[in-house]
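1. with the sequence up front, the predicted model follows.
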Amino acid sequence: MKAPSTELQRLKAEFFRALAHPIRIRLLEVLVATPEMSVQDLQRRLDIEQPIASQQLARLRASGIVVARRKGSTTRYAVSDPLLRDLLSVAKKILNRRLAGVRGLLKELKREGTPWRQ
């Protein structure tokens, strides 16, 4: 099998870098559940300041992850691909598995009941 091109690898890395911010993830989680929202609606929903919401939406838009549509004097945002819902769902499942493992270790540590000594 032929190795992916450097350009393809760069494109993949850019896509994941665009997702690599807690506010951008929160914005996407809201947008996959709601067809379309304005910056003001997103700002209120996430309890963040308008410039922060706009800046993070601009990053998502530049990466093609969200699209913007003007409606009068308001810009409304939506996810560019409904498969983003699946991506977030799979990521949540992976994190749940990791956290389940940590919870198991915490329970084991509590059962151990032996205090640490120095």
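-> Yes, it's here.
2. next, the buried residues of the helix ranked longest in the chain.
-> For the chain, the helix with the greatest residue count under DSSP state H is helix 83-112. By 16 or more other CB atoms under 10 Å, the buried positions in helix 83-112 come out as L84, L87, L88. For the C-beta atoms, the positions are set from N, CA and C on the backbone; glycine is no exception.
3. low-confidence ranges in the chain?
-> Residues of the chain that meet the criterion pLDDT under 70 lie in 114-118.
4. domain-wise, how is it divided?
-> 1-80, 82-118 (automatic domain parsing).
5. highest average neighbour count across the ones you listed?
-> With neighbours taken as mean count of other CB atoms under 10 Å, these reach their highest mean count in domain 1-80, at a mean of 14.
6. now the end-to-end length of that domain.
-> 31 Å (CA to CA, to the nearest Å).
7. cool, and stretch 39-55?
-> First-to-last residue span, stretch 39-55, CA to CA: 10 Å.
8. now tell me what touches that stretch from outside.
-> I23, R26, L27, V30, L31, M37, L57, T74, T75, Y77 (CB atoms under 8 Å, 6 or more residues apart in numbering).
9. so which of these belong to strands?
-> Under the assignment DSSP state E, the contacts of stretch 39-55 contribute M37, T74, T75, Y77 to strands.
10. and the third one, what is it in contact with?
-> For T75, the contacting residues are S38, V39, A68, R69, taking CB under 8 Å, 6+ apart as the criterion.
11. do the same with the last one
-> Applying CB under 8 Å, 6+ apart to Y77 gives the contacts 31, 36-39, 42, 57, 60-61, 66-69.
12. name the nearest residue to it, ignoring sequence neighbours.
-> Closest residue to Y77 apart from its sequence neighbours, by CB to CB, 6 or more residues apart in numbering: V66 at 5.1 Å.
13. my read: that neighbour touches A78, true?
-> Yes: between V66 and A78 there is a contact under CB atoms under 8 Å: 6.5 Å.
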